[in-house]
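Enquirer: Here is a sequence together with a model predicted from it:
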Amino acid sequence: MSGPEEIRYEVDFGTGKPGPIKSVSSGRNSGYAGPAGCAVSRIARLMALALRFEGLLREQTMQDYAELARLGGVTRARMTQIMKLLDLAPDIQERLLFLPPLKGLNERSLRSVVRRVDWNEQRSAFRQMLPAKRRRARR
């Protein structure tokens, strides 16, 4: 096959406002096959989105947060809030990707964790956010 491939990624920021889903194009196949039949939490989707956006910026497919925000139909401030999830310790990021939906665990509630610079402090604060049953299972 010759020439570049175009892959389109649909991004739904869940603003609650009806409207078209924005698309972002990339020059390579992501291998994403879609939902596997299980519930994916909103925070997992946002974490995956932040990781994908970081890749687009690194590949220079997108210029900056402002361009991502324009394509996603959100403000630059909201894009910054989403991208701040990348400041979490890598193991917390991974847990967010695979956690089932948990009441009270969302981007807003994680802001206090993200503000902590020390990853050990982040881990401690994050553990306190999880239900007691989940905390015991991970120790």
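Expert: Right, received. Where do you want to start?

Enquirer: Leu105 - how many residues pack around it?
Expert: 20 (other CB atoms under 10 Å). (C-beta placed from N, C-alpha, C; glycine too.)

Enquirer: And for Pro101?
Expert: Neighbour number of Pro101 under other CB under 10 Å is 12.

Enquirer: Run through the residues that contact it.
Expert: Neighbour list for Pro101: Ala39, Val40, Ser41, Arg42 [criterion: CB atoms under 8 Å, 6 or more residues apart in numbering].

Enquirer: secondary structure element for it?
Expert: Using DSSP states H and E, Pro101 maps to neither a helix nor a strand.

Enquirer: Same check on Val74?
Expert: Using DSSP H and E, no helix or strand contains Val74.

Enquirer: Mind giving me the packing neighbours of the host helix or strand of Leu51?
Expert: Per DSSP H and E, Leu51 falls inside helix 42-58. Judged by 3 or more CB pairs under 8 Å, 6 or more residues apart in numbering; DSSP states H and E, helix 42-58 is in contact with helix 65-72, helix 76-83, helix 90-98, helix 107-114.

Enquirer: please redo it, this time with the cut-off set to 7 Å
Expert: Judged by 3 or more CB pairs under 7 Å, 6 or more residues apart in numbering; DSSP states H and E, helix 42-58 is in contact with helix 76-83, helix 90-98.

Enquirer: Please write out the alpha-carbon positions of the last one in PDB.
Expert: Coordinates of each C-alpha in helix 90-98 appear next as PDB, following Å, rounded to 0.1, in the frame of the first residue of the first chain:
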ATOM      1  CA  PRO A  90       2.100   6.400  36.300                       C
ATOM      2  CA  ASP A  91       0.700   3.600  38.400                       C
ATOM      3  CA  ILE A  92      -2.300   5.800  39.300                       C
ATOM      4  CA  GLN A  93      -2.800   6.600  35.600                       C
ATOM      5  CA  GLU A  94      -2.800   2.900  34.900                       C
ATOM      6  CA  ARG A  95      -5.300   2.100  37.700                       C
ATOM      7  CA  LEU A  96      -7.600   4.800  36.400                       C
ATOM      8  CA  LEU A  97      -7.600   3.200  32.900                       C
ATOM      9  CA  PHE A  98      -8.900  -0.100  34.300                       C
END
